[in-house]
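Trainee: no sequence for this one, just the structure:
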């Protein structure tokens, strides 16, 4: 079980670093200031989460090292496909939110699993650190949902004018 | 916006069909009866969700057709990697739950987006159908969390004996 746990930690460490590379491209393609701000804030948060994983590796007396996360690669490739399309600004913003929420949910699933496994293995301090990241991911996802919904309401107002 | 919406519908229709192919392999590799039952139930549910998408295509007067979903492909490939490893039964069960929850969360993100977009586009009936699937996915994820946690508790009892 410990092997599987460490394997998944290495996986998500790589995933975080894939996200750190992908987010700036999403920020650049976004038009809404609110969305850009949210993505920039999440980029900083993601860097902190990557450092938190380094703290976890240290706690477990392991070298901080990632292994290629195929799942996140697929999710990010799909996001890249969307970014390369020729959408008008508000549609591109909607596409970026969609892509970012897939990334968030991938992480929510992964950190939820890791937190449960850390408890199972008796790594209490590590479980706490993983829970912190899990909470941040859930908040980031909620923030994106709010932005998406405010876009829907805005359009509804414009259409009714 | 309508184009992006249809594109994502075709994407998730393909994703559902990828899941329908992948789930039986997960059932076969699972040892816990509770987990096998949950996965089998979810397989039936997934078939229903695929049919619900066909209903949505009909509602929108579109042909039911999928386009390769790169994101789900990555998530499923990662699950396949885990299934090919040589774990003891209870560890394999934990790995299967982890893989299945990544699939669930991918779908939760996608259906959440699609439901919001359906509302934005004024497709009220379609939004309702998408919400039904979204609720099923959230329940399936919750069920898997419960199974994972009951495993943790079981081990804690065994260890304390």
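Mentor: Cool, the structure landed. Just so we're clear, the structure is a prediction, and the values are computed from it rather than from any experiment.
Trainee: Can you name the residue of chain A nearest chain B?
Mentor: residue A:74 (1.6 Å; C-beta to the nearest C-beta). Heads up, the C-betas are built off the backbone N, CA and C, glycines and all.
Trainee: tell me, how many neighbours does that residue end up with?
Mentor: Per other C-beta atoms under 10 Å in any protein chain shown, the neighbour tally for residue A:74 reads 23.
Trainee: show me the contacts for the closest residue to it other than its chain neighbours.
Mentor: Nearest-residue entry for residue A:74: residue B:74, 1.6 Å, with adjacent residues in sequence omitted and distances by C-beta to C-beta, 6 or more residues apart in numbering or on different chains. Residue B:74 makes contact with A:70, A:71, A:72, A:73, A:74, A:75, A:77, according to C-beta atoms under 8 Å, 6 or more residues apart in numbering or on different chains.
Trainee: What pLDDT does the model give the second one?
Mentor: Residue A:71 carries a pLDDT value of 93.
Trainee: What residue, apart from its backbone neighbours, is nearest it spatially?
Mentor: Nearest non-adjacent residue to residue A:71, counting by C-beta to C-beta, 6+ apart: residue B:78, 3.9 Å away.
Trainee: Any chance of the backbone angles for the one you found?
Mentor: Taking degrees, to the nearest 10, you get phi -60, psi -40 for the backbone angles of residue B:78.
Trainee: got it, and residue A:62?
Mentor: Per-residue torsions, residue A:62: phi -120, psi 160 (degrees, to the nearest 10).
Trainee: list the contacts for it?
Mentor: A:6, A:9.
Trainee: ditto for the one 3 residues further on
Mentor: When the contact criterion is C-beta under 8 Å, 6+ apart, the partners of residue A:65 are A:10, A:13, A:57.
Trainee: any chance of these in TSV, with distance to chain B, secondary structure and pLDDT too?
Mentor: Compiled in TSV, those are given as follows (distance: C-beta to the nearest C-beta, whole Å; DSSP: H, G, I helix; E, B strand; the rest coil; pLDDT from 0 to 100):
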residue	distance to chain B	secondary structure	pLDDT
A:10	13	helix	97
A:13	15	helix	98
A:57	19	helix	98
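Trainee: Show me what the one helix or strand residue A:128 maps to is packed up against.
Mentor: Take DSSP states H and E as the rule and residue A:128 turns out to sit in helix A:124-160. Helix A:124-160 is packed against helix A:33-59, helix A:89-120, helix B:89-120, with contacts defined by 3 or more C-beta pairs under 8 Å, 6 or more residues apart in numbering or on different chains; DSSP states H and E.
Trainee: any idea which helix or strand carries residue A:28?
Mentor: Here residue A:28 is assigned to helix A:2-29, by DSSP H and E.
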